[in-house]
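Visitor: coords below, sequence missing:
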């Protein structure tokens, strides 16, 4: 069973969720179309029911955006208003992130997330989707493409993969810390939640055409007041490298959907050699490299990302 709770309910009408919040307001950034928000209760086989938070803007062919590790749909705030002039844009907070539910379980692998995203798409009756995934969201998007290729091939029309860690590689210092036993639970409880978020954003600020604001820090940090969000972050870090990595990689050529691989040339977190390798593995892929950015092109080069997606998904 799937239940979709409308934004009117979230805002205080009958059946309003007690912890509901207003949307991230993409439309306020550059005068784009209005944004609506919803919580979707999804029951996927093998998973407990979970509410996933999404925001929708614009009309046209569906464009679904999946954020990276530790982030939320807010990552895409600088690209949504312009894309929404041409597409029906939906930003989804993955399980354990943003305003979606954060249960204390261990089902936080890329495959677990892909299954939930699939049932979210079904709940919202979204077909022939252009699925855009940044970083960990790119992992999830590629898993989903592999999951649906046999039994629901019309669900995804195109893929856009940005800075996605889809091959084994050395872990970043943050991931290494979060994979340690016990310590990360203690550290994330004691350190003010704004500190690591602020440091991460300042690192990502290289090449930004807009300054990082206190509001940015507050919105990214807010979920981590919740112990469930800290648990989800740790569990995601511990499962970010799939156990069946070799079998998964060998299946990449089965992804036939047109794919745009969009990468920062100087990505410090996921090296550009991974982008080139992925472009060779996917039969219908094309690679586009961006200058003057690091690992977060929607934050650092929003204009270039918008142009690349529009050229690809016209």
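Guide: That came in fine, so what should we check first? If you're wondering where the values come from, they're calculated on a predicted model, not measured in any experiment.

Visitor: only C-alpha atoms for contact and neighbour calcs from this point on.
Guide: Will do.

Visitor: just for this structure, where's the confidence low?
Guide: In the predicted model of the chain, residues 1-21, 24-32, 182, 186-187, 190-212 satisfy pLDDT under 70.

Visitor: Which parts of it are strands?
Guide: Secondary structure of the chain (DSSP state E): strands located at 3-5, 35-42, 50-57, 62-66, 88-92, 129-134, 156-162, 259-264, 285-290.

Visitor: how about those in JSON lines, adding mean neighbour count and distance to residue 79?
Guide: Listed next are the strands of the chain as JSON lines, based on neighbours: other C-alpha atoms under 10 Å; distance: least, C-alpha to C-alpha, whole Å:
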{"stretch": "strand 3-5", "mean neighbour count": "15", "distance to residue 79": "26"}
{"stretch": "strand 35-42", "mean neighbour count": "22", "distance to residue 79": "13"}
{"stretch": "strand 50-57", "mean neighbour count": "24", "distance to residue 79": "11"}
{"stretch": "strand 62-66", "mean neighbour count": "26", "distance to residue 79": "10"}
{"stretch": "strand 88-92", "mean neighbour count": "24", "distance to residue 79": "10"}
{"stretch": "strand 129-134", "mean neighbour count": "24", "distance to residue 79": "12"}
{"stretch": "strand 156-162", "mean neighbour count": "25", "distance to residue 79": "14"}
{"stretch": "strand 259-264", "mean neighbour count": "25", "distance to residue 79": "14"}
{"stretch": "strand 285-290", "mean neighbour count": "17", "distance to residue 79": "15"}
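
Visitor: The ones you listed into TSV, with extra columns for distance to residue 240?
Guide: Putting the strands of the chain into TSV (distance: least, C-alpha to C-alpha, whole Å) gives the following:
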stretch	distance to residue 240
strand 3-5	29
strand 35-42	23
strand 50-57	20
strand 62-66	15
strand 88-92	19
strand 129-134	14
strand 156-162	16
strand 259-264	19
strand 285-290	23
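
Visitor: Which of those sits closest to residue 108?
Guide: strand 50-57 (12.6 Å; C-alpha to C-alpha).

Visitor: so what does the closest one touch, helix or strand wise?
Guide: strand 35-42, strand 88-92 (3 or more C-alpha pairs under 8 Å, 6 or more residues apart in numbering; DSSP states H and E).

Visitor: I'd like these laid out as a markdown table, including distance to residue 272.
Guide: Output for the helices and strands packed on strand 50-57, formatted as a markdown table (distance: least, C-alpha to C-alpha, whole Å):
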| stretch | distance to residue 272 |
| --- | --- |
| strand 35-42 | 34 |
| strand 88-92 | 26 |
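
Visitor: Give me the spatial nearest neighbour of residue 230, chain neighbours excluded.
Guide: In space, and not counting its chain neighbours, residue 230 is closest to residue 224: 5.8 Å by C-alpha to C-alpha, 6 or more residues apart in numbering.

Visitor: Next up, the contacts around the residue minimising distance to the centre of the chain.
Guide: Centroid check for the chain by C-alpha atoms, centre = their mean gives residue 67 as the closest residue, at 1.8 Å. Contacts for residue 67 (C-alpha atoms under 8 Å, 6 or more residues apart in numbering) come out as 73, 75, 76, 92, 93, 94, 133, 134, 135, 136, 137, 138.

Visitor: just to revisit the earlier point, pretty sure the residue nearest to residue 230 is in contact with residue 231, am I right?
Guide: No. Look at residue 224 against residue 231 with C-alpha atoms under 8 Å: they stay out of range, at 9.4 Å.

Visitor: who's in contact with residue 259?
Guide: Shown in contact with residue 259 (C-alpha under 8 Å, 6+ apart): 158, 159, 160, 161, 282, 284, 285, 286.
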